[in-house]
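Colleague: no sequence on this one, just coordinates:
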Ligand code: GDP
């Protein structure tokens with residue numbers, strides 16, 4: 001995909017303010033600090049269009065980035081930050097679920113998990129939710145540059161075991177540092193757009 005224009009259009013925590021135009025949407029989810037902003041910036045070859053969060057857990061908006069005036073990349077708020085209150089967790093859940101459900105423009109969800117940790121309980125909950133909503137999902141394992149070869153093999157086995165019941169396509173190992181997986185993620189996104 002040649003990105004000729006990437007515009008930050010909207011950040012909102014109010015479902016009523018989600019864009020109502022007919023552009024397709026592709027969303028990104030994951031726990032706080034998983035490397036979501038970094039991955040989006042890497043896809044777009046931009047430094048800080050998606051903010052790299054200095055305060056994990058602080059970004060609670062759904063962020064819409066319009067690409068080539070044709071489709072949105074949608075950055076969903078991160079989750080799983082320990083210091084977040086129960087009420088905030090509830091708000092996160094309502095916001096994300098209202099985005100994922102009844103969204104005619106949504107073509108797919110890229111779900112990021114940290115390759116060093118594997119999928120957390122909250123990751124698995126959201127993956128199950130997406131499966132039930134029959135949403136196409138691509139799992140991307142981030143920060144693979146931080147693992148050595150034997151750790152990569154071990155983590156890859158663990159992640160495959162965790163994902164096996166969900167019948168998902170094979171996960172993509174990714175590193176913003178080396179660019180590993182960038183082409184594969186774009187390929188999946190383009191494929192979802194062409195459906
Ligand atoms: P977000 O909260 O999910 O948006 O996470 P960020 O994109 O802000 O990244 C969290 C931290 O992980 C930052 O310090 C990034 O520099 C770092 N990070 C993100 N991606 C990678 C990667 O591929 N490799 C390495 N080594 N660090 C990364």
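Modeller: It's in. Bear in mind that the values here come from a model prediction, so they are computed numbers and not experimental data.
Colleague: what parts of the chain come near the ligand?
Modeller: 30, 32-38, 52-53, 56, 78, 142-143, 145-146, 175-177 (CB under 6 Å from any ligand atom). The way it works is simple: take the backbone N, C-alpha and C, and place the C-beta from them, glycine included.
Colleague: now do the buried residues in stretch 2-18.
Modeller: 6, 10-11, 18 (16 or more other CB atoms under 10 Å).
Colleague: start to end distance for that stretch?
Modeller: End-to-end distance of stretch 2-18 (CA to CA, to the nearest Å): 26 Å.
Colleague: which residues touch that stretch?
Modeller: Outside stretch 2-18, the residues that touch it by CB atoms under 8 Å, 6 or more residues apart in numbering are 19, 43-46, 49, 60-69, 72, 77, 91, 95, 98-99, 103.
Colleague: whichever of those residues end up buried, select them in ChimeraX.
Modeller: Buried residues within the contacts of stretch 2-18, by 16+ other CB under 10 Å, are selected in ChimeraX with:
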select :43,44,49,60,62,63,64,65,66,67,72,77,95,99,103
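Colleague: so how far is the host helix or strand of residue 11 from its chain's centroid?
Modeller: Residue 11 belongs to strand 6-12 when assigned by DSSP states H and E. Its chain's C-alpha centre and that of strand 6-12 lie 16 Å apart, by CA atoms, centre = their mean, to the nearest Å.
Colleague: could you give the mean pLDDT of the helix or strand following it?
Modeller: As assigned by DSSP H and E, the chain's next helix or strand after strand 6-12 is strand 24-30. In this model, strand 24-30 has a mean pLDDT of 98.
Colleague: quick one: list the elements packing against strand 24-30.
Modeller: With contacts taken as 3 or more CB pairs under 8 Å, 6 or more residues apart in numbering; DSSP states H and E, strand 24-30 sits against helix 36-44, strand 71-75, helix 86-100, strand 106-114, helix 182-193.
Colleague: now with 7 Å, please.
Modeller: Using 3 or more CB pairs under 7 Å, 6 or more residues apart in numbering; DSSP states H and E as the contact criterion, the elements in contact with strand 24-30 are helix 36-44, strand 71-75, strand 106-114, helix 182-193.
Colleague: what mean pLDDT does the shortest one get?
Modeller: Summarised as a single mean, pLDDT over strand 71-75 is 97.
Colleague: show me what that strand is in contact with.
Modeller: Applying CB atoms under 7 Å, 6 or more residues apart in numbering, the external contacts of strand 71-75 come out as 23-28, 36-37, 40, 50, 62-67, 193.
Colleague: can you tell me the strand partners of it and which way each runs?
Modeller: Strands that pair with strand 71-75, judged by DSSP bridges, come out as strand 24-30 (parallel), strand 62-67 (antiparallel).
Colleague: between that strand and helix 36-44, how many degrees?
Modeller: Relative orientation of strand 71-75 and helix 36-44, computed by axes from the mean of the first three to the mean of the last three CA atoms, to 10 degrees: 160 degrees.
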